[in-house]
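Engineer: compute the structure for the input listed below.
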Amino acid sequence: MNNKKYKAGEIRPSQLLTTYGIGSLIDLPHLSAIVLGLEDWNTTHCKPIQEDRLLLAIQTILGKQVKQLLSPPSTNSPTGNPFSPEAQIGVPVATFPRWMVCPRCHLLAPISSGHFELKVPGQTDRIRYVHKLCPGQPTVLPSRFMLACEAGHLDDFPWHHFVHGPRPCNAQFKINEVGVSGEPSEIIVSCQTCGAKRVMAEAFNSDESHVYKPDCTGRRLHLRDKESCTLQARTMLLAASNSWFPLIFSTLSLPQLEDELEQVIEAHWSQLQDVEAQIDIPVLRKFVIPEFQKYTDEDIWQRIEQRKQATDDDDMVRPTDLKIPEWRVLTDPLHAPASPDFEVSQVSPPEGYSAYIEQVVLVERLREVRAITGFTRIESLIDYAEDEELPSDHIMPLARHSPYWIPASEVRGEGIFIQFREEVIERWLDQHAAQQHNGEFFEAHKRWRQARHIEPANANYPGLRYVLLHTFAHALMRQLTLACGYTAASLSERIYAQDSTSEGGAMAGILLYTAASDSEGTLGGLVSLGRPDQLVFHIDGALDAMQHCSSDPLCAEHESREDKTLHEAACHACMFIPETSCERGNRCLDRSLLTSTVKRDDLAFFARS
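Structural biologist: Down below sits the predicted model:
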């Protein structure tokens, strides 16, 4: 902004991964800005986040040069002065779009035209551009239109080319709305110099042969460079939900170490990995890590050296491998090591469900770490499974060069883990009706991928086991939100579903947990509902709710082959949850697998009288 840095707003650290990450647009009160790439970040106030398993998984994607996960920069000394040193701590952004519209005279011009002046008042949320030659100097607004392509490039809308084509003109544009709906068909862009005009609806024409699709400029605005691109760009609205999709990987921070000293070293490894000699240990004990008081310098140094050697020898971890250690710890709660970020206790299965559920584990404390590796525009990578090769030509990087660190965030919460009996799952899957339905879901899976040109079409089918567990997780999550005190968007799911032939062995379980960074998600409201006398009430309620839907019989009779969806008896009224809480974007769901519906009763996993 005018080659100077000003504080323009505030967001939570977790939003810098899920909502306003690198390359995304932030809608400020009077401005729109794009978050810049890693080269522009000042990491002085970034705190390291230690999570070795996630870091190793990230290295399989971005390379072994990635050495750290860092939290977004923050300060503990907020100030209202936008010119203070503390106000300069934050994430760098740049104004975008660069074309502005005056609401009074309807002038449409770029910031570089000289018509607009930046005003920086005392309150940071009031930074704005004004039309300095217009009476009253009204606050101007960013243009609502921009260009993007499937490769992730983004640029200003080419107003001159749209109105004039290749014809040169010393244009002076105005944009007028002839209606009150704000529809593109009621927006006219006109040139005050030559009188040419065009309706914005022509940039969104549903007829592919007539729609305005200029060549992509290849601009990577967040990296402040450009590259060659052979794709055609398409017009997008500034607030379009498909303008940015993050590629995020996450893992639960589950302790693998029973030794208390090793747990301390693991928790502080970001500070200890650069220790070069035993002589440094007394300083660490006195000023940095008081937990070292009970151990000798020799013991501490020996463990640090062992940890360095183990880190150097570690093999790469695939993203799908992240769930295997989690499953092993959660299914063996009696031997699970405790830590400040992890505490579990086993309770009995709810009465009447012990034939289906092997055990229930209350996760009274947990920590989830998330890291972003890239992003896409227009199409979301949620269509792809985590373990397959992603289309790298459509993934926009976070930096111009191979990064040495990537942004991450951590949230703390609580949860309920439910492990199902493997023999019961296997017996249900062997039924003729289940096998036939599995084949139908597999065909739907192939149609879904073919419609999105994802090859091979038959790869990464999760199986009917996953559909069953995923559906149960949604049903129970919707029921728990009525009593736990958290909103549906504050809950998340992790589904552990694979057969005995897969690496890591058979899994059949779900973890429902909180991941709300603002309250740290540790109020106890969710864990209290996992106790046997409470959980039986909520499972009963969830299954009762699944028998009928307000959209029945349409919902119960829905078949995925009709509209190339990836769900059967499921809809917003009965099964869907916020997509940020779901592993698969509300796909792979079918409530007829849980209980009888108005259409069929031969698939129900839970036999209820």
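Engineer: can you tell me the closest non-neighbouring residue to Lys197?
Structural biologist: Distances taken as C-beta to C-beta, 6 or more residues apart in numbering place Ser190 nearest to Lys197, at 3.9 Å, with adjacent residues excluded. Yep, even glycine has a C-beta here, placed from its N, CA and C like the rest.
Engineer: again but with Glu568, I slipped
Structural biologist: Glu568's closest residue in space is Asp590 (C-beta to C-beta, 6+ apart), at 3.9 Å.
Engineer: pretty sure the one you found sits against Val467.
Structural biologist: Yes. Asp590 lies in contact with Val467 (C-beta atoms under 8 Å); the separation is 5.8 Å.
Engineer: any common contacting residues for the two?
Structural biologist: Phe441 (C-beta atoms under 8 Å, 6 or more residues apart in numbering).
Engineer: state the distance from Met575 to Ile89.
Structural biologist: Distance, Met575 to Ile89, using C-beta to C-beta, to the nearest Å: 43 Å.
Engineer: between those two, which one's more packed in?
Structural biologist: Met575 (23 against 18; other C-beta atoms under 10 Å).
Engineer: may I see the buried residues of the longest strand seen in the chain?
Structural biologist: Identified as the longest strand of the chain according to DSSP state E is strand 357-376. Within strand 357-376, the residues scored as buried using 16 or more other C-beta atoms under 10 Å are 357-376.
Engineer: rewinding a little: the residue nearest to Glu568: how many residues sit nearby?
Structural biologist: Going by other C-beta under 10 Å, the residues that sit close to Asp590 add up to 23.
Engineer: for it, give me its contacts.
Structural biologist: With contact set as C-beta under 8 Å, 6+ apart, Asp590 has these partners: 437, 441, 467, 471, 567-570, 603.
Engineer: remind me which residues of the stretch 101-250 of the chain are low pLDDT?
Structural biologist: 122-125, 205-211 (pLDDT under 70).
Engineer: next one: the stretch 301-450 of the chain
Structural biologist: Ranges of the stretch 301-450 of the chain meeting pLDDT under 70: 307-321, 382-391.
Engineer: let's see it at 90
Structural biologist: 301-329, 332-343, 365-370, 378-395, 409-413, 445-450 (pLDDT under 90).
Engineer: need the strands for the stretch 1-150 of the chain, in chain order.
Structural biologist: For the stretch 1-150 of the chain, strands defined by DSSP state E, counting those that start in this stretch occupy the ranges 25-27, 32-35, 68-70, 93-95, 99-101, 107-110, 116-119, 128-131, 141-142, 145-148.
Engineer: so which bits of the fourth one are buried?
Structural biologist: Same thing as strand 93-95. For strand 93-95, the neighbour count (16+ other C-beta under 10 Å) marks 93, 95 as buried.
Engineer: counting contacts, what elements does it pack onto?
Structural biologist: In terms of contacts (3 or more C-beta pairs under 8 Å, 6 or more residues apart in numbering; DSSP states H and E), strand 93-95 is packed against strand 32-35.
Engineer: after the strand or helix carrying the residue nearest to Lys197 comes which helix or strand?
Structural biologist: Using DSSP states H and E, Ser190 sits within strand 187-191. Using DSSP H and E, the helix or strand that follows strand 187-191 in sequence is strand 197-199.
Engineer: longest helix in the chain, by residue count?
Structural biologist: helix 432-451 (DSSP state H).
Engineer: just to check, Glu39 is in contact with Ala399?
Structural biologist: Yes. If you go by C-beta under 8 Å, Glu39 and Ala399 touch, sitting 5.7 Å apart.
Engineer: shared neighbours, these two?
Structural biologist: What both Glu39 and Ala399 touch, as defined by C-beta under 8 Å, 6+ apart, is the set Leu223.
Engineer: so those two - more neighbours on which side?
Structural biologist: Ala399 (19 against 13).
Engineer: surely that one is in contact with Leu223?
Structural biologist: Yes. Applying C-beta under 8 Å, one finds Ala399 in contact with Leu223, separated by 7.1 Å.
Engineer: tell me the mean pLDDT over stretch 264-283?
Structural biologist: The average pLDDT within stretch 264-283 is 72.
Engineer: follow-up on the earlier one: tell me which of the strands of the stretch 1-150 of the chain sits nearest to Gln172.
Structural biologist: Shortest distance between Gln172 and the strands of the stretch 1-150 of the chain, using C-beta to C-beta, is found for strand 107-110: 7.8 Å.
Engineer: in the closest one, which residues are buried?
Structural biologist: Applying 16+ other C-beta under 10 Å to strand 107-110 flags 107-110 as buried.
Engineer: mind listing what His222 touches?
Structural biologist: Counted by C-beta under 8 Å, 6+ apart, His222 has contacts 22-23, 34-37, 154, 396.
Engineer: just put those in a markdown table and tack on distance to Asp533 and neighbour count.
Structural biologist: Output for those, formatted as a markdown table (distance: C-beta to C-beta, whole Å; neighbours: other C-beta atoms under 10 Å):
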| residue | distance to Asp533 | neighbour count |
| --- | --- | --- |
| Ile22 | 47 | 28 |
| Gly23 | 49 | 26 |
| Ile34 | 52 | 21 |
| Val35 | 48 | 24 |
| Leu36 | 53 | 18 |
| Gly37 | 52 | 23 |
| Leu154 | 54 | 26 |
| Met396 | 50 | 20 |
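Engineer: ok, the residue lying closest to Leu284 once chain neighbours are set aside - how many residues close by?
Structural biologist: Closest residue in space to Leu284, ignoring its immediate chain neighbours: Phe292 at 6.4 Å, by C-beta to C-beta, 6+ apart. Neighbour count for Phe292, taken as other C-beta under 10 Å: 21.
Engineer: same question, the one 5 residues further on
Structural biologist: For Asp297, the tally of surrounding residues (other C-beta under 10 Å) stands at 15.
Engineer: distance of it from Glu305?
Structural biologist: Where Glu305 is concerned, Asp297 sits at a distance of 12 Å (C-beta to C-beta).
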